[in-house]
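Novice: model this:
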Amino acid sequence: MTDAIHAAAARGFTVGADAYERSRPSYPPDAVETLVAALGLGPGRTVLELGAGTGKLTRLLVPSGARLLALEPVEAMRARLRQAVPTAELVDGTAESVGLPGASVDAVVVAQAFHWFDAIRALSEAHRVLRPGGRLLLVFNRRDETVPWVHGLDDAIRRIAAGEPQVWDGAWREALARCGLFGPWQAQQFRQVQRLTPDGVLDRVASVSYVASASPEVRAGLLDEVRTLLAADPLTAGADMIDLPYDTEVLWAERASPEPGDVGFVVSVNANAGGVPKPQVEGSAIARLGPTNDAHAEPEPAHGGPDQAVCLYAQEAIERVRADGHQAFPGAYGENLTLLGIDWAALAAGDRLVVGEGEAAVELELTKHTAPCRTLAHWFVGRHIARISGKAHPDDSRWYARVLREGEVRPGMRVRVLRG
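Specialist: As a prediction, the model looks like this:
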């Protein structure tokens, strides 16, 4: 998550924490039952909730008997979480930098918060802290906009949005599809209705982060618009209690946990016009000089050219570097392909990597370790970029490769190592 997004969330949820606790819906019992079963929660199991807020979901997990770890970086929300679920153990950090050791939890759950995360960083951290076979689960309550007054309500709220991440825009779902660290994803839908007074509906609107942090004039104008809407719609006009319908979606997937060897797969493709980090993309054509949708801020000889066409890294290396306290995630260091399941320590110059199957497969030949440069220093404690140097730490260094056969790459593609 960028600092700007952290700040926007903190502002809104600090001001709106009380309204959030009062007016946000809970989660339907059948959805919670599905969640508990999908994650295998029970005594002896440990579940981490990221972005736990005021504990709306956390309190519903207590009866499972699982050990509950809750991470909530906004102190105003965290204070209410402590009161609501005193048995939960609070964890410091953010979804992108979890203060836990690797392979320390059985399940990770995120309720109504994943859209606020820097997706690839959070997914990489969830993969790191989960034990092999562990699962990640997301839960979202979404208002049913097929109801006319609810559609009008959401339109009014959206008009004051200023680029904040949204549940409804689908960007978070696209991020899941671009990442091969979990899968395949399963999903179930549930229905619930929240009964609120007219003032409760206004409170629900006020709990939206960017409504809470808006200027008094903007917030008052929006709430007046909602009052007018409720007074005019046949379903809400004059009602003492109003039914606010929601669809609740539960999505879950298992952590990809292959044993390192000569066969793995692509978990992330990253490219941009130059600079780091390189964001995730859906895929890329790989030509003689590398991904066609990628470029370098510093041209040859530092980067690029036939022998430095593609930069490769291992998710396992990322997690080892994170264990030393440095920041690492797919694309952070400018790599184009992040792989999982390849025995990185066994690689050598001249080895070939076949990405994909048959005649359409891309073939790469490893040329040399990628030397870390000063632009990466901010990711490292003490600016210690030698942590990913091929000389000091060959097992955790990136590789450059030349392109022997052009083609397309995308997350999920199988990768085979052919020894040189």
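Novice: break down the protein into its helices, ranges please.
Specialist: Secondary structure of the chain by DSSP state H: the helices cover 3-15, 17-23, 29-39, 58-61, 75-84, 119-129, 148-158, 171-177, 198-206, 209-212, 216-232, 315-323.
Novice: list the buried residues in the longest one.
Specialist: It refers to helix 216-232. Buried residues in helix 216-232, counted by 16 or more other CB atoms under 10 Å: 219, 222-223, 225-226, 229-230. The way it works is simple: take the backbone N, C-alpha and C, and place the C-beta from them, glycine included.
Novice: quickly name whichever of the residues you listed is closest to Cys373.
Specialist: When the buried residues of helix 216-232 are ranked by distance to Cys373 (CB to CB), Arg219 comes first, at 46.5 Å.
Novice: nearest spatial neighbour of that closest one, skipping sequence neighbours?
Specialist: Excluding its sequence neighbours, the residue lying closest to Arg219 (CB to CB, 6 or more residues apart in numbering) is Val211, at 6.0 Å.
Novice: burial check on that neighbour, number of neighbours?
Specialist: Val211: 22 surrounding residues under other CB atoms under 10 Å.
Novice: check the spacing between Pro86 and Ala70 real quick.
Specialist: Remark: distance between Pro86 and Ala70 (CB to CB, to the nearest Å) = 11 Å.
Novice: so between the two, which is more surrounded?
Specialist: Ala70 (24 against 9).
Novice: ok, that one touching Glu49?
Specialist: Yes: in this structure, Ala70 is within contact of Glu49 by CB atoms under 8 Å, at 4.9 Å.
Novice: what's the overlap in contacts for the two?
Specialist: By CB atoms under 8 Å, 6 or more residues apart in numbering, Ala70 and Glu49 have these common neighbours: 58, 88.
Novice: pretty sure Ser397 contacts Ser389?
Specialist: Yes: at 6.2 Å, Ser397 counts as touching Ser389 under the criterion of CB under 8 Å.
Novice: now stretch 196-206: how far from the chain's centre is it?
Specialist: Relative to the centre of its chain, stretch 196-206 is centred 30 Å away, using CA atoms, centre = their mean, to the nearest Å.
Novice: just the mean pLDDT for it, thanks.
Specialist: The average pLDDT for stretch 196-206 rounds to 95.
Novice: same check on stretch 144-151?
Specialist: If you average the pLDDT over stretch 144-151, you get 97.
Novice: check stretch 218-228 too.
Specialist: What stretch 218-228 shows for mean pLDDT is 96.
Novice: check stretch 78-89 too.
Specialist: On average, the pLDDT along stretch 78-89 is 96.
Novice: for stretch 51-58, same thing?
Specialist: In this model, stretch 51-58 has a mean pLDDT of 97.
Novice: ok, stretch 155-167 next?
Specialist: The average pLDDT within stretch 155-167 is 87.
Novice: ok, back up a step: out of the helices of the chain, which is closest to Pro330?
Specialist: The closest of the helices of the chain to Pro330 is helix 119-129. By CB to CB, the value is 5.5 Å.
Novice: contacts only, for the closest residue to Trp379 other than its chain neighbours.
Specialist: Spatial nearest neighbour of Trp379, excluding adjacent residues (CB to CB, 6+ apart): Gln327 at 4.3 Å. Gln327 is in contact with 97, 379-380, counting by CB under 8 Å, 6+ apart.
Novice: in strands, which of those appear?
Specialist: By the criterion of DSSP state E, membership of the contacts of Gln327 in strands covers Ser97.
Novice: now that we have the contacts of Gln327, which one has the most neighbours?
Specialist: Counting neighbours by other CB under 10 Å, Trp379 leads the contacts of Gln327 with 21 neighbours.
Novice: coming back round to it: TSV for the buried residues of helix 216-232, including distance to Arg419?
Specialist: Putting the buried residues of helix 216-232 into TSV (distance: CB to CB, whole Å) gives the following:
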residue	distance to Arg419
Arg219	64
Leu222	64
Leu223	67
Glu225	67
Val226	66
Leu229	68
Leu230	70
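Novice: give me the nearest residue to the residue with the largest distance to the centre of the chain, chain neighbours excluded.
Specialist: What lies farthest from the middle of the chain is Gly238; by CA atoms, centre = their mean that is 42.3 Å. In space, and not counting its chain neighbours, Gly238 is closest to Ala231: 8.0 Å by CB to CB, 6+ apart.
Novice: ditto for Val150
Specialist: Excluding the flanking residues, the one nearest Val150 by CB to CB, 6+ apart is Arg143, at 5.2 Å.
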